[in-house]
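Visitor: Quick one: sequence plus predicted model below, questions after.
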Amino acid sequence: MPNFTSPAIVLRRVDFGDYDLILTFFTLKKGKISAIAKSAKKSTRRFGGILELFSVLEIVCSSRTDRDLMILQEADLKNSFSGIRVNLNKTAYASYFAEMVNEWTESGAKQEDLYLLLCHVLEQIDAGRIPEEISGILFLIRFASIAGIRPNLLRCGICLRETDKIEEERVTFDFSRSGIICQKCSGKSVSRLSLSKGTIKQLLWVESGGLKKAGKIKFTPQAIKEGLDLLETFTAYHLGKEMQSLKFLKQIRKKDGPSQYL
């Protein structure tokens with residue numbers, strides 16, 4: 001097969017033998033792929049230490065057949081996101097995003113919108129343009145839409161009353177129904193979480209607006225907490241498990257106490 005060239009984000013790296021690395025890339029052109037970087041640990045001249053997690057590279061890979069593991073021939077660093085790796089909180093969020101993409105996507109399935117979303121949130125938290133908590137909300141609500149598991153925040157899932165016409169200030173999110181339930185119907189809900197209508201409004205803005213504008217929306221402390229609780233639980237519910245990186249992120253939150261943004 002001819003060489004395959006594409007921008008790519010490093011999602012995962014695993015030692016293979018004494019000198020090689022097995023890398024999982026999320027590429028712009030072909031989605032998730034795996035490739036072996038031969039002698040990557042032995043020779044610093046070949047890849048120059050650029051095969052780090054979250055880095056954006058221009059990669060060149062080859063393989064003899066579609067079933068063979070690709071071989072990484074060349075890699076050119078485009079963005080190292082070095083600001084992420086020197087900050088534990090940023091690393092935890094970036095790891096969570098990368099694990100979500102790695103677990104959810106199928107190999108070889110092009111996901112351009114998801115690639116651009118991941119690049120955007122990594123750029124934002126690396127540069128410190130938006131708080132990591134906001135990047136988490138932005139990534140998760142957009143990820144849900146791209147993955148086809150969008151939560152219903154527009155109307156009660158039982159009586160179908162629109163959210164802005166529900167009289168009560170708070171509603172219930174029913175995970176088994178993947179949507180909100182008004183208080184009059186909430187007695188029929190089992191797996192649930194309480195949300196304010198203000199939080200729902202802000203989540204809908206983040207979901208529908210442009211990426212750059214979405215990150216600039218001013219969240220209330222309550223909306224940040226409720227938004228993260230909802231989206232982290234919602235994605236774990238649909239994946240059927242909680243990401244290891246999310247467990248680590250929660251440990252950091254518990255250890256550090258309330259965030260400066262909350």
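Guide: Perfect, thanks for sending it. Here the structure is a predicted model, which is why all the values come from computation and not from measurement.
Visitor: So which residues of the stretch 151-262 of the chain form helices?
Guide: Listed in chain order, the helices of the stretch 151-262 of the chain (DSSP state H, counting those that start in this stretch) span 197-208, 211-214, 221-239, 244-256.
Visitor: Out of the ones you listed, the one nearest residue 122 is which?
Guide: The closest approach between residue 122 and any of the helices of the stretch 151-262 of the chain, judged by Cβ to Cβ, belongs to helix 211-214 at 12.3 Å. Where C-beta positions appear, they are placed from N, C-alpha and C, glycine not excepted.
Visitor: Kindly state which of the helices of the stretch 151-262 of the chain is positioned closest to residue 136.
Guide: Residue 136 lies closest, by Cβ to Cβ, to one member of the helices of the stretch 151-262 of the chain: helix 221-239, at 5.8 Å.
Visitor: how far out from the middle of the chain is the closest one?
Guide: 13 Å (Cα atoms, centre = their mean, to the nearest Å).
Visitor: That one: which residues count as buried?
Guide: Neighbour-count burial for helix 221-239 flags 223, 224, 225, 226, 227, 228, 230, 231, 232, 233, 234, 235 (criterion: 16 or more other Cβ atoms under 10 Å).
Visitor: Tell me the helices and strands packed up against it.
Guide: The contact analysis (3 or more Cβ pairs under 8 Å, 6 or more residues apart in numbering; DSSP states H and E) places helix 221-239 against helix 88-104, helix 132-147, strand 192-196, helix 197-208.
Visitor: got the CA coordinates for the shortest one in PDB?
Guide: When you say that, I think you mean strand 192-196. Provided in PDB are the C-alpha atoms of strand 192-196 (Å, rounded to 0.1, in the frame of the first residue of the first chain):
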ATOM      1  CA  ARG A 192     -31.800  10.700  38.100                       C
ATOM      2  CA  LEU A 193     -30.000  13.900  38.900                       C
ATOM      3  CA  SER A 194     -31.400  17.400  39.700                       C
ATOM      4  CA  LEU A 195     -30.700  20.300  37.300                       C
ATOM      5  CA  SER A 196     -31.600  23.900  37.300                       C
END
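Visitor: who's in contact with that strand?
Guide: With contact meaning Cβ atoms under 8 Å, 6 or more residues apart in numbering, strand 192-196 is reached by 169-175, 180-181, 186, 222-223, 226, 229-230, 233.
Visitor: Swap in 6 Å and give it another go.
Guide: Residues outside strand 192-196 that contact it (Cβ atoms under 6 Å, 6 or more residues apart in numbering): 170, 171, 172, 173, 174, 226, 230.
Visitor: and of those, the nearest to residue 115?
Guide: Distance to residue 115 across these (Cβ to Cβ) is lowest for residue 230, with 24.8 Å.
Visitor: Which ones among the contacts of strand 192-196 map onto strands?
Guide: When the contacts of strand 192-196 are checked against strands using DSSP state E, the ones located there are 170, 171, 172, 173, 174.
Visitor: nearest to residue 118, of those?
Guide: residue 173 (25.3 Å).
Visitor: part of a helix, is residue 115?
Guide: Yes - counting by DSSP: H, G, I helix; E, B strand; the rest coil, one finds residue 115 located in a helix.
Visitor: That one: neighbour count?
Guide: Residues near residue 115, counting by other Cβ atoms under 10 Å, number 23.
Visitor: swap in residue 53?
Guide: Other residues near residue 53 number 17, with proximity taken as other Cβ under 10 Å.
Visitor: Also residue 36?
Guide: Burial of residue 36, expressed as a neighbour count using other Cβ under 10 Å, amounts to 18.
Visitor: C-alpha coordinates for whichever strand or helix holds it, CSV please?
Guide: Following DSSP states H and E, one finds residue 36 within strand 31-37. This file holds the C-alpha atoms of strand 31-37, laid out as CSV (Å, rounded to 0.1, in the frame of the first residue of the first chain):
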residue,chain,number,x,y,z
GLY,A,31,-9.9,8.3,12.4
LYS,A,32,-8.3,6.0,14.9
ILE,A,33,-5.3,4.0,13.8
SER,A,34,-2.5,2.0,15.5
ALA,A,35,1.1,2.0,14.3
ILE,A,36,4.4,0.7,15.5
ALA,A,37,7.3,3.1,15.9
